[in-house]
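J.: Next one to model:
(one chain, ligands or ions: 1)
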Amino acid sequence: MSADAVEVTGLTYTYPTAEEPSLRDVSLRVPTGTMCAVVGANGAGKTTLCHALRGFVPNFYKGELTGSVRVLGTDLAETDGDDLARTVGYVFANPFTQMSGITSTVFDELAFGLGNLGVPPLEIRERVEEMLERARLTELRDRHPFQLSGGQQQRVALASVLVMNQPLLVIDEPTSQLDPQSTDEVFTLITQARDAGRTIVLVEHAMEHVAEHADLVVVLDAGRVVATGTPAEIFPDPATAAHGVRVPEAVRLTGELRQRGVDVPGAPLTIPALAAALGPTRAGQ
Ligand SMILES: Nc1ncnc2c1ncn2[C@@H]1O[C@H](COP(=O)(O)OP(=O)(O)OP(=O)(O)O)[C@@H](O)[C@H]1O
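T.: Here you go, the predicted model:
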């Protein structure tokens with residue numbers, strides 16, 4: 001297998017009803033076992049890029065696509081839907097879209113995809129029980145998925161994909177409806193998946209978490225990749241905010257402190273790192 005789980009080369013894509021391309025000559029590589037965050041302003045093309053990694057673009061949405069998308073070394077143009085379902089797990093931004101719509105409990109919702117993949121019933125039970133536990137969903141196991149709150153549905157949607165163990169996970173805004181504690185928990189689950197060797201492509205607006213956990217950040221602006229690098233390379237660069245990306249609070253505060261003449265060493269990305277950079281005496285004053 002290639003060392004890169006994702007290799008996108010010269011990808012340009014236009015939706016059937018659109019006049020302009022939503023992705024323009026996009027090239028990017030995501031090494032296997034890493035977490036890549038895709039960031040950018042509204043309409044930059046983040047979801048469209050996610051769709052391309054799962055083949056929804058152009059197979060479902062149609063439209064015009066040039067360039068290539070390779071996942072785990074295979075060109076998606078030569079892969080059928082069943083193979084892709086085994087290879088790429090996809091978490092939609094709207095959990096309602098994710099729900100199968102035919103199960104009546106959270107337990108069955110988590111089991112649904114495994115059943116479709118032909119996993120034996122005993123193994124399904126074990127894997128679902130373990131996932132419910134890890135995702136702190138055990139208390140909701142007998143509830144109807146449509147009777148849950150938006151945030152609870154979002155956690156169920158993520159868990160129903162994580163339980164399938166595909167090697168590539170494409171996750172579109174998994175924390176948009178979550179409170180801070182649930183957001184932390186979701187990042188724990190995602191980083192555990194990465195640390196277990198799975199590759200993650202993530203669209204996320206919680207930049208503190210992106211800064212702390214992502215290995216790679218790709219900045220999109222009007223369908224183009226305008227920067228790629230580590231969080232430490234991307235966030236302190238003034239060009240990033242100029243592309244409409246909200247930077248972590250620590251980066252903004254560092255800028256303000258420096259404008260006021262405070263010497264902040266390094267490029268802290270998180271509040272604890274900023275406090276540490278300021279040193280025990282100053283932080284304690
Ligand atoms: N089904 C569609 N048909 C036509 N145009 C579309 C379709 N979906 C998205 N677009 C257009 O493609 C561009 C990129 O949209 P996309 O949803 O990928 O951006 P995004 O970065 O995910 O935005 P957001 O942060 O608001 O979710 C936008 O100009 C949007 O209007």
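J.: any idea which helix or strand carries the residue lying closest to Ser68 once chain neighbours are set aside?
T.: If you skip the residues right next to it in sequence, Ser68 has Thr9 as its closest partner in space, 5.0 Å away by C-beta to C-beta, 6 or more residues apart in numbering. Just so you know, the C-beta spots here come from the backbone N, C-alpha and C atoms, and that holds for glycine as well. Under the criterion of DSSP states H and E, Thr9 resides in strand 4-14.
J.: And the next helix or strand past that strand?
T.: Heading C-terminal from strand 4-14 (DSSP H and E), you reach strand 23-31.
J.: Which strands border that next one, and is each parallel or antiparallel?
T.: Within its sheet, strand 23-31 is paired with strand 4-14 (antiparallel), according to DSSP bridges.
J.: pLDDT at the residue most central in space within the chain, what is it?
T.: Residue closest to the mean C-alpha point of the chain, counted by C-alpha atoms, centre = their mean, is Leu202 at 1.5 Å. The predicted local distance difference test score for Leu202 is 97.
J.: For Asp179, which residues are in contact?
T.: Asp179 sits next to Gly151 when contact means C-beta atoms under 8 Å, 6 or more residues apart in numbering.
J.: Below-threshold pLDDT in the stretch 51-200 of the chain: ranges please.
T.: By pLDDT under 70, the stretch 51-200 of the chain contains no weakly predicted segment.
J.: Could you say which helix or strand holds the residue nearest to the centre of the chain?
T.: Assignment of secondary structure by DSSP H and E places Leu202 within strand 199-203.
J.: Now do the longest helix along the chain and strand 199-203, the angle between them.
T.: Among the elements of type helix in the chain, defined by DSSP state H, the one spanning the most residues is helix 180-195. Put simply, helix 180-195 runs at 150 degrees to strand 199-203, going by axes from the mean of the first three to the mean of the last three C-alpha atoms, to 10 degrees.
J.: Check which helices and strands helix 180-195 sits against.
T.: Where contact means 3 or more C-beta pairs under 8 Å, 6 or more residues apart in numbering; DSSP states H and E, helix 180-195 is packed against strand 35-40, helix 150-162, strand 168-172, strand 199-203, helix 207-213.
J.: buried set for that helix?
T.: Counting neighbours by 16 or more other C-beta atoms under 10 Å, one finds that the buried residues in helix 180-195 are Ser182, Thr183, Glu185, Val186, Phe187, Leu189, Ile190, Thr191, Ala193, Arg194.
J.: How about the second one: what's its closest non-neighbour residue?
T.: Here the nearest residue to Thr183 in space, its sequence neighbours aside, is Thr175; by C-beta to C-beta, 6+ apart that works out to 4.3 Å.
J.: Which positions in the stretch 1-150 of the chain make contact with the ligand?
T.: If contact is defined as C-beta under 6 Å from any ligand atom, the residues of the stretch 1-150 of the chain in contact with the ligand are 15, 17-18, 22, 40, 42-48, 61.
J.: Quick check: the farthest pair among the residues you listed?
T.: Comparing all pairs in these by C-beta to C-beta, the longest separation belongs to Thr17 and Gly40, at 21.7 Å.
J.: who's in contact with the residue nearest to Ser68?
T.: Ser27, Gly67, Ser68, Arg70.
J.: ok, now Ala214?
T.: Counting by C-beta under 8 Å, 6+ apart, Ala214 makes contact with Met35, Cys36, Ala37, Leu202, Pro231.
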